[in-house]
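> Below is the sequence, then the predicted model.
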Amino acid sequence: MSIFGTRRTRAVVVALAAGSLALTACGGGDSDSGTKDKSKTQKDAAKQSAAVTYGDAQVSTGPAKEVPGAQTGGTMSVYQEADFSHLDPGQSYVSDTKLLDRLLQRGLTQYDEDANGKLTVVGDLATDSGKQTDGGKTWTYTLKSGLKDQNGSPITSADIRHTIERLYAPFITDGPTYIQNWLSGGGTTYRKALPDGGFGSKHLPDSVLATPDDKTIVFHFKDAQPDLPQALTMTGYSVVPAKTDTKEKYDTAPVATGPYKISDFKPGKSMTLVKNTNWDPKSDSVRHQYVDGFNIDFNHDDDDQSKTLLADRGEAKNAMMFTGQVSTNQVKNVVTNAAAMKRTVQGYAPYVWQLNFNLDRVKDKRIRDAITYALPSNQIYKLDGGTYGGEVATGLMAPTVPGYEKGYDPFGKLKKPNGDIVKAKQLIKEAGAEGKKLVYAFGNTPVRQQQAVVITNRLKEIGLNPVKKEVDSATWYEQMGKIQNGMDLYMTGWGQDWPSASTVIPPSYDGTTLQDGSSDYSHINDPKVNAAIAAAQKITDPAAAQKAWTAIHHDIVERINPAAPVYFTKVFQIFGSNVGGLRYSSDSSYVDVTRVFLKK
């Protein structure tokens, strides 16, 4: 899932899993802000990575457990840096839309999270997390009774079938493809199974996806798919009621099934959420409807959000961030203010910010290696929250991913976190690339603009000729996701969609998935990697699978180097003093929006 920032899952979106996580990060020493560093470390990443369990009907029954001290009423203000790139769930694969959709939409399953961040998959629209037969090749879900969308129309198994089938349509380009691949073939071949996305008379055969009655949906896979309950928690698989589906237009006016619905939307300016009166708390074991609504205001960068919320005056007392973070130049002001720290949340996020090389354009590996060696990771992450926002990355898998390796550092980033200029210059000279023009794209936000200065200055220092290209951050991933994007270098962030490297490596590096909207941002399409991924996906033993993913990771990083690891991410957010229910979510990697309320 890619991270918002501009786009973790995407995602977004993200469960954390058990792995070998022992290396201590920057915590415990003096931070760059001159204060005692109490930021999250890789030890916290290990704590966040408890194994996910699958829940039964008892834990899937609403209403959700009450949040201590919760009160009802009032309108929550939300400060957001940019507009949401998509509102259609099927197109959603980023962090900010995941937070929004936790309020607006529901799917067959969802994560329930305890006070320690332990995640359990529970039935959301379904009565439980699913029943598997045939060795995990067949999964059956039964819908809860009395489910309705915001218009009061019943939600049936036909709506679930439509939700899956519409993802085959050509206009759906930016959402996850796991279930489509499992049902109808890997890569982009699944689209051939249902080119019109079920909008015509043709549907997937009952041998693939069956609806024997209005409340039952059955998935039939060729291979065992033990992770289906987790895949179904993703925003991209939230239900889209068939009779209200307006295809492309649905992206501007989705129909809600969660506790809130959109009452007003001014693209690029604001969005207003109000209570969905057809949401029944008795059917929902994970969400609350404490506030009367949310007023979401766009165009507030992290610095603006941080200063406003720290000042805690007027409306700001009732305000929150979604995916915003305490800006670098406000970290010291927050961490030295004991009262302010009581209204913050922190967590070790599952994302790796990486500088992608467009392999269609940057073909010489010596140039890619030179840039990787040269990047001053230490300077770059300090512009994004300092040690509270990240730490130097050494590979393309985060410390929250099973198979993360404590000492794996092929480019020596820990020894030289500000880059190895001598090594980089040598490689550029060997490649005969002195003066080579490279287009560096970056989002039009203050952090990305500042990072662009650092990165392009370093590229110049090693003998390259970078050309900066500023891009609208609201549509960053859509533009970088185009095969013909016209760029050479661009940063993205990726985190696992659930606890497995299988949700990191295939989406990002499987060349068979390459198409506009795919997450293969570097355009890697290597036969050896593709074959290794296909083989690893068939391994059912977790330990053996993890070993295979680790080997593939090494091969990608060392033999190809499609992206330079820059920094692992952390989250540090602040909220108004009247906002209650604050808790970091291991699922969303930001504040848990399902439990917030106003204290008075």
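Yep, that arrived.

> can you list the weak-confidence ranges in the stretch 51-200 of the chain?
The stretch 51-200 of the chain contains no residues with pLDDT under 70.

> in it, which spans are strands?
For the stretch 51-200 of the chain, applying DSSP state E, counting those that start in this stretch gives strands covering 53-54, 75-79, 109-113, 119-123, 131-133, 138-142.

> so where do the helices sit in the stretch 501-600 of the chain?
Taking DSSP state H, counting those that start in this stretch, the helices of the stretch 501-600 of the chain run over residues 505-509, 527-536, 542-555.

> Against which helices or strands is the second one packed?
Translated: helix 527-536. For helix 527-536, the packing partners by 3 or more CB pairs under 8 Å, 6 or more residues apart in numbering; DSSP states H and E come out as helix 505-509, helix 542-555. (Each C-beta comes from the backbone N, C-alpha and C, glycine too.)

> Could I get the CA-only coordinates of the longest one as PDB?
Output in PDB follows, covering the C-alpha atoms of helix 542-555 (Å, rounded to 0.1, in the frame of the first residue of the first chain):
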ATOM      1  CA  PRO A 542       5.200 -19.400   6.200                       C
ATOM      2  CA  ALA A 543       8.800 -20.000   7.100                       C
ATOM      3  CA  ALA A 544       9.700 -21.300   3.700                       C
ATOM      4  CA  ALA A 545       7.800 -18.500   2.000                       C
ATOM      5  CA  GLN A 546       9.600 -15.900   4.200                       C
ATOM      6  CA  LYS A 547      13.000 -17.400   3.200                       C
ATOM      7  CA  ALA A 548      12.000 -17.200  -0.500                       C
ATOM      8  CA  TRP A 549      10.900 -13.600  -0.200                       C
ATOM      9  CA  THR A 550      14.100 -12.600   1.500                       C
ATOM     10  CA  ALA A 551      16.100 -14.200  -1.400                       C
ATOM     11  CA  ILE A 552      14.000 -12.300  -3.900                       C
ATOM     12  CA  HIS A 553      14.500  -9.000  -2.000                       C
ATOM     13  CA  HIS A 554      18.300  -9.500  -2.100                       C
ATOM     14  CA  ASP A 555      18.300 -10.200  -5.900                       C
END
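
> so how far is that helix from its chain's centroid?
From the chain centre to the centre of helix 542-555 is a distance of 22 Å (CA atoms, centre = their mean, to the nearest Å).

> May I see the buried residues of that helix?
For helix 542-555, burial by neighbour count (16 or more other CB atoms under 10 Å) applies to 545-546, 548-550, 552-553.

> Of those residues, which pair is most distant in space?
A545 and H553 (12.5 Å; CB to CB).

> CSV for the helices and strands packed on helix 527-536, including distance to P241 and mean pLDDT?
As requested, the helices and strands packed on helix 527-536 are exported to CSV (distance: least, CB to CB, whole Å; pLDDT from 0 to 100):
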stretch, distance to P241, mean pLDDT
helix 505-509, 28, 94
helix 542-555, 37, 93
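
> would you turn those into JSON lines with distance to D206?
As requested, those are exported to JSON lines (distance: least, CB to CB, whole Å):
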{"stretch": "helix 505-509", "distance to D206": "28"}
{"stretch": "helix 542-555", "distance to D206": "31"}
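
> between these, which gets nearest to T142?
Closest to T142 of the helices and strands packed on helix 527-536 is helix 542-555 (CB to CB; 28.1 Å).

> between that closest one and helix 527-536, how big is the angle?
Angle, helix 542-555 to helix 527-536, by axes from the mean of the first three to the mean of the last three CA atoms, to 10 degrees: 170 degrees.

> Show me the longest strand that occurs in this protein.
For the chain, the strand with the greatest residue count under DSSP state E is strand 344-357.

> Quick check: mean pLDDT of that strand?
On average, the pLDDT along strand 344-357 is 93.

> Check stretch 412-423 too.
On average, stretch 412-423 scores 97.

> repeat for stretch 275-284
Per-residue pLDDT over stretch 275-284 has a mean of 98.

> Then stretch 568-584?
96.

> what about that stretch, start to end distance?
For stretch 568-584, the first-to-last residue distance is 17 Å (CA to CA, to the nearest Å).

> Quick check: buried residues in that stretch?
For stretch 568-584, the neighbour count (16+ other CB under 10 Å) marks 568-584 as buried.

> Dump the helices of the stretch 501-600 of the chain into TSV; add distance to D364 as well.
Listed next are the helices of the stretch 501-600 of the chain as TSV, based on distance: least, CB to CB, whole Å:
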stretch	distance to D364
helix 505-509	19
helix 527-536	19
helix 542-555	19
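
> out of the ones you listed, nearest to P499?
With CB to CB, the closest approach to P499 among the helices of the stretch 501-600 of the chain belongs to helix 542-555: 9.6 Å.

> hey, where'd the helices end up in the stretch 351-500 of the chain?
365-374, 377-382, 421-430, 446-461, 476-480.

> Save the ones you listed as a markdown table, and put in mean neighbour count and distance to W494 too.
Formatted as a markdown table, those follow (neighbours: other CB atoms under 10 Å; distance: least, CB to CB, whole Å):
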| stretch | mean neighbour count | distance to W494 |
| --- | --- | --- |
| helix 365-374 | 23 | 17 |
| helix 377-382 | 23 | 16 |
| helix 421-430 | 18 | 24 |
| helix 446-461 | 18 | 16 |
| helix 476-480 | 23 | 10 |
